[in-house]
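Chemist: Sequence plus the predicted model coming up.
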Amino acid sequence: MTALLGQMKERPDEIVFAELFRYFAPRLKSYMRKLGAAEDVAEELAQEAMAMVWRKAHLFDAERAGASTWIFSIARNLRIDAFRRQKRPEFLIDDPALVPESPASPEAQMDVGQQAQAVRAAMATLPAEQARIVHLSFFEDKPHAVIAEQLGIPLGTVKSRMRLAFQRFRKALGEPES
């Protein structure tokens, strides 16, 4: 087979290629199946590998590798490429998930600003120990257990102070109590 591929390197020949194809195509398909490719994918990868052999026969170097090694390396690399494409699907440009949101209207921006101002004002009315816990939880993104450990207080106390702080927030922001 190495001699046949060497002939292909010198001069592409369909008859020689047909013999290489008859020998390697079923073996490549079997190899792809062993690597976990589905039947149809294995067939396609074997076909693609042999097409690449035809196109790149001029690059074959019998000093570096035999025909089997060279052809199976091509097939293996094609399988890796196919696996990567499968893991990272191509994105459609007009996919609604990729379209950026339209900028908020001036009214919506004003509402957000007013809400932020109201939250800051409500935060200022909290007792220091409640304000500290809200700050650690929401602005420093710390879990309640870490806050309890950091402040040296029981976890139940952290949760109680958080609940009391939320009650004050609801009242200050004019929301109904639950």
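Modeler: Arrived safely.
Chemist: When you work out contacts or count neighbours from here on, use the C-alpha atoms and nothing else.
Modeler: Noted.
Chemist: which residue lies farthest from the center of this structure?
Modeler: Distance to the chain centre peaks in the chain at I15, reaching 45.0 Å (criterion: CA atoms, centre = their mean).
Chemist: where's it relative to T69, distance?
Modeler: 21 Å (CA to CA, to the nearest Å).
Chemist: The chain: helices as residue ranges?
Modeler: 2-10, 14-34, 39-56, 67-87, 106-125, 128-134, 144-151, 155-172 (DSSP state H).
Chemist: Give the ranges of residues in the protein that sit below the confidence cut-off.
Modeler: 4-5, 7, 87-100, 177-178 (pLDDT under 70).
Chemist: My guess is I147 contacts G156. True?
Modeler: No. I147 lies out of contact with G156 (CA atoms under 8 Å); the separation is 11.1 Å.
Chemist: Which one's more surrounded, those two?
Modeler: I147 (21 against 12; other CA atoms under 10 Å).
Chemist: what sits against P154?
Modeler: Contact partners of P154, counting by CA atoms under 8 Å, 6 or more residues apart in numbering, are A148.
Chemist: oh, I was asking about T2
Modeler: The contact partners of T2, by CA under 8 Å, 6+ apart, come to 62, 66-68.
Chemist: number of nearby residues for P26?
Modeler: P26 has 15 neighbours, counted by other CA under 10 Å.
Chemist: Excluding sequence neighbours, find me the nearest residue to it.
Modeler: Nearest residue to P26, sequence neighbours excluded (CA to CA, 6 or more residues apart in numbering): A46, at 7.8 Å.
Chemist: Please report how far the one you found lies from H135.
Modeler: Taking CA to CA, one finds A46 at 60 Å from H135.
Chemist: More neighbours: the two, which one.
Modeler: A46 (28 against 14).
Chemist: my read: the more buried one touches A75, true?
Modeler: Yes. With contact defined as CA under 8 Å, A46 and A75 form a contacting pair (6.8 Å).
Chemist: who touches both of the two?
Modeler: By CA under 8 Å, 6+ apart, the residues touching both A46 and A75 are 28, 32.
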